[in-house]
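[1] Provided below for reference: sequence and predicted model.
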Amino acid sequence: MISSQPSSLLPTLFESIEEEERLTVLHIGNALPETVEFFSRYRCKLHFIDLFDDLSRLVTTQDSTISLHQVFIDLMHLPADTRFDLCLFWDLFNFLDQDAVAAMLQTLRPHLHGNTLAHAFAVHNLKTIQSGNLFGIRAMDQVTLRPRPAPLEGYKPCTQGQLEKSLTCFRIKRSVLLPQSRLELLLSARL
Amino acid sequence: MIGPTIKIKGEVSGDEDLLIQGQVEGTITLEAHEVVVGESGQVFADILAKTIKIDGKVNGDVTGTENVVISKLGNVRGNIVAPRVLLEDGAIFKGSIDMDPGDKAEKAAPQGAKEPAAFPSQENKAPRLDLKSG
C-alpha cells in the first residue's frame, strides 16, 4: 500500500538543478522503485544507505570499545572521492541520539560541499508517534510513504530545537509543520 | 544457459545471451548481449552486458551499457552503472546507482574541487517555521 504526501520543501532542493547537471545524492533508507524512477531524469549517482537496518548495531556499540564514528564509517562505506549535492535523511534523526547524530555527521562531513542541501523529518511535539514508513520520491513535490513491515526499535523523536544543537555541519534553513505534529526540514551545509 | 546445479568459478565471456540459474563466482562479460540472472541464480561477480535482468541474487557491480532491471524477486548488493535502471516493486537493492555512465573523469572530482554551479551560495538565514494547512 503506497500513499503520498505533498512536500513544500523538496522542490527547493531541485529548483536550481538543470537536467544536464551532474548530481550526487545520498538517500538514507531503502531503495524504492519510484525514487529510482524519479532520479532517472537527472544525470545522477544515487547512493542508497539503509542505516535503519543497522540501528540495533548502534545501540550495541554504545557499550563497546568501538567508537560510534568508526561504526558509521563501516556502515556507510562512503567513497573517498564522493561529495553529495543532496542528502535525503528522511526520519533518521528520530532514531539517533545526539552522540550518534554527531558521529554520523562527522563521517559525512568530508563528503559535503558548501552548497549541499538536505531534507529531513523531525517532530514538533515529543509525543508524536513513529510514522512507521519507508520514504521515497514520486515527484519533485511529492513524497511516497510505504508502511514498514514492523515498527523500528529505538524511536527517539527529535524536535527542531534539539536537532539544531546536534547538526554540526548543517543549518536548518526552513521548516514546515505537517499533520500529526511532524516537521519537514530543509537543511543547508555549514562547513 | 548455466543450469541450476552448475557452479562456475572464473571468467565468463562470450558472444551470445546468457541465462544464469546456477552459481557464478568471478566475472561475467558479455558486452553486446543480454544477461539474465534467473530466480535460482546466484552471482558473486561483476557483470558487464548490454542489458541485464536480475530475478535472483547478485553480489557484485553491475554495468549495463543499455539498461539494468531488478525484478520483484531480485536481490542486488553492489553498484549499478547504466543509463536506465528499473527497480520493480519488491526488489531489494543495496549500493549505488550511477545513471550517468559518461564523463567518468568528472565524477571522480577531487576534494576541494569547485562546487557545482547548480547550487548557488545560500544565505545565512534564521530558520523559519511555516504553518501548513491540512
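    Perfect, I can see it now.
[2] contacts for stretch A:123-132?
    A:91, A:94, A:121, A:145, A:147-148, A:151-152, A:155, A:157-160, A:177, A:180-183 (CB atoms under 8 Å, 6 or more residues apart in numbering or on different chains). Heads up, the C-betas are built off the backbone N, CA and C, glycines and all.
[3] Just the ones of these in helices?
    If you go by DSSP state H, the contacts of stretch A:123-132 have residue A:160 in helices.
[4] List the contacts of the residue nearest to residue A:145 when sequence neighbours are not counted.
    Of all residues not flanking residue A:145 in the chain, residue A:133 sits nearest, at 4.2 Å (CB to CB, 6 or more residues apart in numbering or on different chains). Residues in contact with residue A:133, defined by CB under 8 Å, 6+ apart, are A:91, A:145-148.
[5] Which one of the residues you listed is nearest to chain B?
    Proximity of these to chain B (CB to the nearest CB) peaks at residue A:146, which lies at 9.4 Å.
[6] which secondary structure element contains the residue nearest to that closest one when sequence neighbours are not counted?
    Nearest non-adjacent residue to residue A:146, counting by CB to CB, 6+ apart: residue A:134, 4.5 Å away. In this structure, residue A:134 is located in strand A:133-139 according to DSSP states H and E.
[7] Now chain A against chain B: closest residue?
    The minimum distance from chain A to chain B, using CB to the nearest CB, falls at residue A:115 (3.2 Å).
[8] what sits against the residue nearest the centre of chain A?
    Most central in chain A under CA atoms, centre = their mean is residue A:89, positioned 0.2 Å from the mean C-alpha point. For residue A:89, the contacting residues are A:28, A:118-121, by CB under 8 Å, 6+ apart.
[9] Mind putting those residues into CSV with neighbour count, pLDDT and distance to residue A:81?
    Formatted as CSV, the contacts of residue A:89 follow (neighbours: other CB atoms under 10 Å in any protein chain shown; pLDDT from 0 to 100; distance: CB to CB, whole Å):
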residue, neighbour count, pLDDT, distance to residue A:81
A:28, 23, 96, 20
A:118, 25, 96, 20
A:119, 21, 96, 24
A:120, 25, 96, 25
A:121, 23, 94, 30
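[10] Just the ones in strands from those residues, please.
    A:28, A:118-121 (DSSP state E).
[11] just curious, which of those is nearest to residue B:49?
    Closest approach between the ones in strands among the contacts of residue A:89 and residue B:49, by CB to CB: residue A:28, at 30.3 Å.
[12] measure that closest one to residue A:72 for me?
    Distance, residue A:28 to residue A:72, by CB to CB, to the nearest Å: 12 Å.
[13] All set, thanks.
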